[in-house]
Every structure is written in C-alpha cells, then in structure tokens.
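K.L.:
Okay, here's the prediction I keep looking at, along with the sequence it came from:
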Amino acid sequence: MANYHIKLEGELEKQATRKSFGEALVKLGAKREGIVVLDADLSCSVQTAKFAAEFPERHFNMGIAEQNMLGAAAGFATRGKIPFACTFSVFATGRPWEIIRNSICYPNLNVKILGSHAGVLTGEDGASHQALEDIAIMRALPNMKVVQPADHVEALSVMEKIVDDYGPTYLRVLRQGTPLLYSDERPCNFEFGKADVLFDSGKGSGSKPGKVDLCVFATGALVGSSLEAALKLTEEDGKKVLVYNMSSLKPIDEDAILEGAGRAKVCVAAEDHNTIGGLGSAVADVLAGEGVGVRLVKIGVKDAFGESGKPADLYKKYGFDAEGVYKSLRSTG
C-alpha cells in the first residue's frame, strides 16, 4: 500500500499564505512586544492592516519608499526590535537590494522581510509585479534565510520559528489561495533546513523506502500541484513517485536531496520562479557538489518575465497546475 501521507480527496480548501502571515502577525504581536511592522503603503494587500489596528504604535506606513523602509528596519533591529518589512516581493527584494546587502545582511541584523504577490500566480498585475527572480537574489546573500510555506498551516508554523530565530529572513508568500495540505491529522512543524516528505508511493506500509521512478522537489503553490500529479501518476500510470515540500530554500535540506536522488531514476524541481537561481539551481548545486549522476528536470519559468492573465489561466499555460505538472512528470519519467 502506498504511503501517501497527505489525503487528496475532492476539492481541497484553499487559503492565501499572505492572509496566513497577517493572522500570525497579530497573534505573535500580542505575545512579543518587540515586533514592529513596516509596510510600503500596502497594508491591505500584504495583510498588515489588522496588526496596525491592534498595535498602531508598532505599525509604520513608510509610503512607496522601499529603500527607506528597509533602512529603517535595520535601525529598529539595532535597537533590539524584531522588524517585519512588508511589500510585494518584486519591490521587497529588487528595489532595496543593496540596502539589504550592506545594512542588514553584512551586519547580520534581525530583520524579517515579507515578500507577497510572488510568481505568476499573482495574475492580472502582470510582469512588473510578478517576482520570478526574488529567490535567486535573496539566496545569494550571506546570512539570509529564504522560506516559502506551502499552505496556511505551514505559514503559521513558519512565523513561530521566524520570530524565535535570529538573523535576516526572507519570507515569500502568495496572493492567491493554495490548497490546505496540513491538518490536525497531518500537523506541520517547520524547521529551517528541513524538507518534508508529503508523498511516497515507493514505500509500502512498514517497509523500508524503495526505488522510485521520480523524485519531485517542490516549493510554494507547486507543492499542491505536484502532490495531485504524483497521486494521478501513481494510480493511473503505475509509477512510483516521491514528493518533498522544500519550504526552507536556504538553508536547504541537502540530506533530503541526496536521499531522494539516491532513490530516483529522475529528479524534478518544481517552482513558480525563474528556472535560473531558484529551487532547481539549489538542488543542482547539491547534486553536482556530491557528484550524484541523476537527471534533473526543472519546472518553472524559462528565463522570462511573466504576463498578465487570470491566475488559473497562467498556471495552465505555464504547466504549473496539477494537470500541467502531471504531463511534465509523465513525459519525464
């Protein structure tokens, strides 16, 4: 019997991880007086409005001035606060990058950067607002951690760990809803540098892990798509598939990557991000560094900008929905 871990029955309930972030921020703010929130005139979009209503003396609308916002966040951190600097991903990482590098990462300050509306899932806002390079440029910074939760439950767990962990962290969340994958029956306990096996049809009940046809490393919204695709591939095509949720993108779980690659004929990295510099590149670095000779296929945006359209239509076009990932896996394995 396949060890599926996650139940995928019927239409899964969805929630946007940006809303999860806003919910967690209020709860944590009540416990931790050192938390302060800065946003770039987007309190409704990035869900900091509730925090502002509850703790107005700890919320600062910096206006559309992202460089100033990150510099101010660095200043708060030097005074012992836990600042969350919040805006759209493309502006949180691109516009103030040099300030993040020199004023936050270089002195290793305890600044948390919230990047919302990442990837083509952002939809109608189009290429100018669809961050597809943010993971790459944040991963390149020394001292910076990079995290992307797969669903609402994991986002709550991530926030608990972020406020307790010292140092710069980039939290990537999404505008549109993603399926709820974790629950009371399948709880989430996020840890930096740890991946989570969500699906393993190569492992029978009580048996040791066996060989699989495909090992999928997925992050963000592509975790749900990959799970559905893996289930279909197992049940309809008789393939054995292993799926990891790679929510911790830096530090990344090298042991999990090597373990998965050691069991698989082919590895796949799936992300709503440029195929250059993101999860796929991180996985490739680990495999190459250890001399693992396994084929790696990247599912992502192929060195291009996004475009305007309804999120579901864009996910279908780019092959990021469950059917698209299934077709990619089927043709690969």
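P.N.:
Cool, the structure landed.

K.L.:
use CA for all of it now, contacts and neighbours both
P.N.:
Fine.

K.L.:
before we move on, what SS does Ile299 have?
P.N.:
What DSSP: H, G, I helix; E, B strand; the rest coil gives for Ile299 is strand.

K.L.:
Touching, it and Ile276? I think so.
P.N.:
No: taking contacts as C-alpha atoms under 8 Å, Ile299 lies outside contact range of Ile276: 10.8 Å.

K.L.:
In terms of neighbours, single out the busier of the two.
P.N.:
Counted by other C-alpha atoms under 10 Å, Ile299 and Ile276 do not tie: Ile299 has more neighbours, with 26 against 19.

K.L.:
From Gly319, how far off is that one?
P.N.:
Separation of Ile299 from Gly319 (C-alpha to C-alpha, to the nearest Å): 8 Å.

K.L.:
what residues are shared contacts of the two?
P.N.:
Between them, Ile299 and Gly319 share these contacting residues under C-alpha atoms under 8 Å, 6 or more residues apart in numbering: Val325, Ser328.

K.L.:
I'd like to know which elements the top helix by length along the chain is packed against.
P.N.:
Ordering each helix of the chain by length in residues (DSSP state H) puts helix 221-237 first. In terms of contacts (3 or more C-alpha pairs under 8 Å, 6 or more residues apart in numbering; DSSP states H and E), helix 221-237 is packed against strand 177-179, strand 196-200, strand 241-245, strand 264-274, helix 322-332.

K.L.:
buried ones in that helix?
P.N.:
Neighbour-count burial for helix 221-237, with 16 or more other C-alpha atoms under 10 Å as criterion, is recorded at 221-234.

K.L.:
Alpha carbons of stretch 255-266, in PDB - could you do that?
P.N.:
What follows is stretch 255-266, C-alpha atoms only, in PDB (Å, rounded to 0.1, in the frame of the first residue of the first chain):
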ATOM      1  CA  ASP A 255      20.400  15.300   3.200                       C
ATOM      2  CA  ALA A 256      16.900  15.100   1.800                       C
ATOM      3  CA  ILE A 257      18.000  16.000  -1.700                       C
ATOM      4  CA  LEU A 258      20.700  13.300  -1.700                       C
ATOM      5  CA  GLU A 259      18.300  10.700  -0.200                       C
ATOM      6  CA  GLY A 260      15.600  11.400  -2.800                       C
ATOM      7  CA  ALA A 261      18.100  11.400  -5.600                       C
ATOM      8  CA  GLY A 262      19.500   8.200  -4.400                       C
ATOM      9  CA  ARG A 263      16.200   6.500  -4.700                       C
ATOM     10  CA  ALA A 264      15.100   8.000  -8.000                       C
ATOM     11  CA  LYS A 265      15.700   7.500 -11.700                       C
ATOM     12  CA  VAL A 266      14.900  11.100 -12.400                       C
END
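
K.L.:
Identify all contacting residues around that stretch.
P.N.:
Counting by C-alpha under 8 Å, 6+ apart, 194-195, 210-215, 217, 242, 267, 283, 286-287, 292, 294-297, 332-333 sit against stretch 255-266.

K.L.:
Buried ones among those residues?
P.N.:
194-195, 211-215, 217, 242, 267, 283, 286-287, 296-297, 333.

K.L.:
Does anything pack onto the helix or strand harbouring Asp213? Which helices or strands?
P.N.:
For Asp213, the element it lies in under DSSP states H and E is strand 212-218. Using 3+ C-alpha pairs under 8 Å, 6+ apart, the elements in contact with strand 212-218 are strand 241-245, helix 254-263, strand 264-274.

K.L.:
Ser43 is nearest to which of these?
P.N.:
Closest approach to Ser43 among the helices and strands packed on strand 212-218 is made by strand 264-274 (24.1 Å; C-alpha to C-alpha).

K.L.:
Give me the buried positions along the helix or strand following that closest one.
P.N.:
Downstream of strand 264-274, the next assigned helix or strand under DSSP H and E is helix 279-289. Residues Leu279, Gly280, Ser281, Ala282, Val283, Ala284, Val286, Leu287 are the ones in helix 279-289 that count as buried (16+ other C-alpha under 10 Å).

K.L.:
As CSV, the residues you listed with distance to His59 would be great.
P.N.:
What follows is those, written out as CSV (distance: C-alpha to C-alpha, whole Å):
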residue, distance to His59
Leu279, 33
Gly280, 36
Ser281, 37
Ala282, 35
Val283, 38
Ala284, 40
Val286, 40
Leu287, 43
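
K.L.:
and which of the residues you listed is nearest Ala65?
P.N.:
For those, the nearest to Ala65 is Leu279 (29.3 Å; C-alpha to C-alpha).
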